[in-house]
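Asker: My questions are about this predicted structure, shown below with the sequence.
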Amino acid sequence: MQQINFILSLADANLILSQRNAEWCGHGPVLEQDIAITNITLDLLGQARNFYQYAASLVNQSGNMPGNIATEDSLAYRRTEREFKNILLCELPKGDWAQTVLRQFFYSVFCKGLYTQLLQGQDAQLSAIAEKSLKEVLYHVRWSGEWVMRLGDGTAESNQRMKQALQFLWPYTGEMFMPAGFENNEIDLASIKKQWLSQVRSILEEATLQLPAGNIFMQSGGKKGIHTEHMGFLLAEMQYLQRMYPDANW
Amino acid sequence: MNHQFIKKLYYGDIPDEPGSGAAYIAKADTAAWPLWEVFIRSKRGLDHKHAGSLKAADATMAIENARDVYTRRQEGVSIWVVESKNIHASNPDDAESFFDPAEDKVYRHPSFYELPDEVKHM
Amino acid sequence: MTTIHQFENDFQDKIDQEAKIEPKDWMPDAYRKTNLRQISQHAHSEVVGMLPEGNWITRAPSLKRKAILIAKVQDEAGHGLYLYCAAETLGQSREQMIDDLLSGKAKYSSIFNYPTLTWADMGAIGWLVDGAAILNQVMLCRTSYGPYARAMVRICKEESFHQRQGFETLLVLSKGTAAQKEMCQDAINRWWWPSLMMFGPKDSESTNSDQSMKWKIKRKSNDELRQNFVDMIAEQIKLLGMTLPDPHLKWNEQKKSYDFGEINWEEFWNVVKGNGPCNKERIDARIKAHEQGAWVREAALAYAEKKNKIKTVSAA
């Protein structure tokens, strides 16, 4: 059960961030970047689906849901807000381009560390998903990192906006490294955090931005299903058709 | 309405009727990104071929944009970009003096030479 | 000395011999303008066309459908981009074209001024709207202006998946629950006539000879294309077990094609003039994206210039 919850937390984080980034499709700052962010949206959605499909197969094997067959869609569309285990960072509004690229950067650098560890884990299926995802994640790190530098070291306005995004997002970064109890003992969140901080610090420096100083209180709760107020609206929109027509196939 | 002069309404002939003119004040975009030409090697062993163009603020972004725009369906294994303004081209008006003289030099082509069948693979 | 007349003759000779016209070739001013207008309207249509479908990305009913829809809308961004680049070879910047779109000076296809009200609209747009577009676009692959023709070849390659996924979306609905069947028929009812309008006014509405045909920018008449479309859809709809909302639709054995009813031309002209249900929303959305993106474009450029300067200094 713990393993299923862990996999669901990965699936949920990717799906919810993908849902947020998808809001840019058709509304990007320039066509080329509309296409770029949408590629990332599709990658995240693909990763979410791989994790959901694996989680569904484990749920079905466990026989915990008699009479019901779990599928990627039942997991994505028929669970309640309290059952979603994504970190809060992913569900925050997309904000402006600064907030979007900085969030992506924080998240992708984290996934890089996490998937690298999963790759070496005992669970062959999870390792295979991590391997495939890692290729995409490395590109996301590169793309978002470059944007962080561009905006941080661009114009006075873009610098200001990056500072605001940093201030807003920073309190949501700590949750990535807080154990929720469902991670297996192969995952070493402390070492992921160390690598994460080092890469984030160096890119922020390059971007003429500073890591927020002092002991900042970190928000958490997402992994346990205690979400922000944004989450209910996001799910209401995402799940609307499946909820409205529970007997339908699409 | 003078639409008797309009033949089609598909792209190109949608008439300029006023009405949907929005309250947008056109201003020349001061931050127009330069144009780049994209060349893609579709697989190892082949030349890079012109795939199209795109806008990007710098070369790094141009390569990434090319990846996102022109290789979404696995069209490539390698990308070149060059800023469009750096391309020098022959003048089409010179086409005759440039290219026609090659027309009568058939002896440059291997099929010009008739060899006995016994000579294989040359 | 070469006269303008000779230039024009040479130009028409090239066209008649099916040679493509390339950006640096001499071309009549009107040919340049006609192409610029057509390609930019086409580009605008792709970009504005992202909006009605983009509407449903966050509400797609399954993860698979969500992925397909995102990929499709993204393709449209790509098509807009290819076309803007093709238009730029005629001497107008993309920024200028976008300004013209946002100020209402340049037009886009009226079909995108209709609202997408249910999920079935995603299917109906793919099947009917993209189906109508493909008929026109396949023809445009052979258009005389080289960059336009090349962009169209690339677009048509990608576009064929759009119509198929649209039809398949409806097919699933047509075999679904009563509510889904109803949704399916309703979407077809709402999109059928606007799709027919996409081909433009009747040929008889036109009195002058069409220069575009002579220059081989276009190759088939409105009515010809519309008839092809009706014949294709009237057959395909049988597979869906749905009906088209036209009591006059009937197979005509004599002419070996379908007869169909009269289009509501008043509605047609009104949507063109900006009175469609979503004209304002569409342009407002584009203005918002453009204006809110300005600082991003500026920042990227400023950063590139800084880095360039550093490079130049260190090279000196």
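Answerer: Perfect, I can see it now. Numbering: from 1, shown residues only, chains lettered A, B, ... in the order given.
Asker: Does stretch B:65-76 reach chain C?
Answerer: Yes. Contact of stretch B:65-76 with chain C (Cβ under 8 Å from any Cβ of the partner chain) involves B:Val69, B:Arg72, B:Arg73. For every residue, glycine as well, the C-beta is placed using N, CA and C.
Asker: are any of the residues you listed buried, and which?
Answerer: B:Val69, B:Arg72 (16 or more other Cβ atoms under 10 Å in any protein chain shown).
Asker: now, which of the residues of stretch B:65-76 next to chain C lie close to chain A?
Answerer: The subset of those within reach of chain A, by Cβ under 8 Å from any Cβ, is B:Val69, B:Arg72.
Asker: For chain A, give me the ranges with low pLDDT.
Answerer: Low-confidence regions of chain A, defined by pLDDT under 70, span residues A:64-67.
Asker: now the helices for it?
Answerer: A:2-22, A:31-62, A:72-77, A:88-91, A:97-119, A:124-152, A:156-169, A:189-206, A:229-238, A:240-244 (DSSP state H).
Asker: right, so of those helices, which gets closest to chain B?
Answerer: helix A:31-62 (4.3 Å; Cβ to the nearest Cβ).
Asker: for the closest one, which positions count as buried?
Answerer: If you call a residue buried by 16+ other Cβ under 10 Å, then helix A:31-62 has these buried ones: A:31-56, A:58-59.
Asker: And for stretch A:62-76?
Answerer: Applying 16+ other Cβ under 10 Å to stretch A:62-76 flags A:Ala70, A:Thr71, A:Glu72, A:Asp73, A:Ser74, A:Leu75, A:Ala76 as buried.
Asker: Specify which member of those is nearest to B:Met122.
Answerer: Of all the buried residues of stretch A:62-76, B:Met122 sits closest to A:Glu72, with 60.9 Å by Cβ to Cβ.
Asker: show me the contacts for the nearest residue to C:Gly54 once chain neighbours are set aside.
Answerer: Take C:Gly54 and drop its neighbours on the chain: the residue closest to it by Cβ to Cβ, 6 or more residues apart in numbering or on different chains is A:Gly26, 3.8 Å away. Going by Cβ atoms under 8 Å, 6 or more residues apart in numbering or on different chains, A:Gly26 touches A:Asp34, C:Met50, C:Leu51, C:Gly54, C:Val73, C:Ala77, C:Ala285, C:Ala289.
Asker: Look at B:Asn2 and report its pLDDT.
Answerer: Note on B:Asn2: pLDDT of 38.
Asker: what about the nearest residue to A:Trp147 once chain neighbours are set aside, how many neighbours?
Answerer: Nearest residue to A:Trp147, sequence neighbours excluded (Cβ to Cβ, 6+ apart): A:Val101, at 3.9 Å. Using other Cβ atoms under 10 Å in any protein chain shown, A:Val101 has 25 neighbouring residues.
Asker: Need phi/psi at the residue nearest to C:Gly54.
Answerer: Phi and psi for A:Gly26, reported as degrees, to the nearest 10, are phi 100, psi 0.
Asker: can you map out the strands along chain B?
Answerer: Ranges of strands in chain B, per DSSP state E, are B:35-41, B:48-55, B:78-83.
Asker: mind checking which of those is nearest A:Asp123?
Answerer: Comparison of the strands of chain B against A:Asp123 by Cβ to Cβ identifies strand B:78-83 as nearest, at 35.2 Å.
Asker: which parts of that closest one are buried?
Answerer: Neighbour counts using 16+ other Cβ under 10 Å place B:Ile79, B:Trp80, B:Val81 of strand B:78-83 among the buried residues.
Asker: Let me see the contact set for the second one.
Answerer: In this case it means B:Trp80. With contact set as Cβ under 8 Å, 6+ apart, B:Trp80 has these partners: B:Val38, B:Phe39, B:Ile40, B:His48.
Asker: same deal with the last one?
Answerer: Under the criterion of Cβ under 8 Å, 6+ apart, the contact list for B:Val81 reads B:Trp36, B:Glu37, B:Val38, B:Phe39, B:Ala56, B:Ala59, B:Ala62, B:Ile63, B:Ala66.
Asker: Per-residue pLDDT of the closest residue in space to C:Gly126 that isn't next to it in sequence, please?
Answerer: Sequence neighbours aside, C:Gly166 is the residue nearest to C:Gly126 in space, at 1.7 Å (criterion: Cβ to Cβ, 6+ apart). We note a pLDDT of 95 for C:Gly166 in this prediction.
Asker: any idea which helix or strand carries C:Gly166?
Answerer: Taking DSSP states H and E as the criterion, C:Gly166 maps to helix C:146-174.
Asker: Mind checking if the lowest-mean-pLDDT helix or strand in chain B is in reach of chain C?
Answerer: Lowest by mean pLDDT, DSSP states H and E among the helices and strands of chain B is helix B:95-99, with a mean of 78. No. Legend: contact between helix B:95-99 and chain C by Cβ under 8 Å from any Cβ is lacking; minimum distance shown is 9.2 Å.
Asker: how about the residues of the stretch 1-150 of chain C that lie near chain B?
Answerer: Residues of the stretch 1-150 of chain C lying near chain B (Cβ under 8 Å from any Cβ): C:22, C:24-26, C:34, C:37-39, C:41-42, C:45, C:74-75, C:78, C:81-82, C:85, C:88, C:93-96, C:98-100, C:102-105, C:107-110, C:136, C:150.
Asker: which among the residues you listed are in contact with chain A?
Answerer: Residues shared between these and the neighbourhood of chain A are C:Gln74, C:Gly78, C:Leu81 [Cβ under 8 Å from any Cβ].
Asker: before we move on, back to that, quick one: the residue nearest to C:Gly126 from chain B, how far?
Answerer: As judged by Cβ to the nearest Cβ, to the nearest Å, C:Gly166 and chain B stand 19 Å apart.
Asker: Tally up the residues packed near that residue, please.
Answerer: Neighbour tally, C:Gly166, other Cβ under 10 Å: 22.
Asker: what separates C:Lys214 from chain A, distance-wise?
Answerer: Applying Cβ to the nearest Cβ, the value for C:Lys214 to chain A is 33 Å.
Asker: swap that for C:Glu76, please
Answerer: On the measure of Cβ to the nearest Cβ, C:Glu76 and chain A end up 8 Å apart.
Asker: Show me which residues of the helix or strand where that residue lies are buried.
Answerer: Element membership for C:Glu76, per DSSP H and E: helix C:63-88. For helix C:63-88, the neighbour count (16+ other Cβ under 10 Å) marks C:63, C:65-88 as buried.
Asker: angle of the very next helix or strand once past it against helix A:31-62?
Answerer: Moving toward the C-terminus from helix C:63-88, the next helix or strand (DSSP H and E) is helix C:94-102. Helix C:94-102 runs at 80 degrees relative to helix A:31-62, counting by axes from the mean of the first three to the mean of the last three Cα atoms, to 10 degrees.
Asker: So which residues of the stretch 151-300 of chain C form helices?
Answerer: Using DSSP state H, counting those that start in this stretch, the helices of the stretch 151-300 of chain C run over C:178-197, C:211-214, C:222-240, C:265-270, C:279-315.
Asker: Mind telling me which of these the model trusts least?
Answerer: Taking the mean pLDDT of the helices of the stretch 151-300 of chain C, helix C:211-214 comes last: a mean of 76.
Asker: So is it next to chain B?
Answerer: Yes. Residues of helix C:211-214 contacting chain B under Cβ under 8 Å from any Cβ: C:Ser212, C:Met213.
Asker: elements contacting that helix?
Answerer: For helix C:211-214, the elements it packs on are helix C:29-48, judged by 3 or more Cβ pairs under 8 Å, 6 or more residues apart in numbering or on different chains; DSSP states H and E.
Asker: Go ahead and name everything in contact with the helix it packs on.
Answerer: Helix C:29-48 has contacts (Cβ under 8 Å, 6+ apart) with A:31, B:11-14, C:11, C:21, C:76-77, C:79-80, C:83-84, C:86-87, C:90-92, C:97, C:100-101, C:106-109, C:112, C:145, C:148, C:151, C:211-212, C:215, C:217, C:282-283, C:286.
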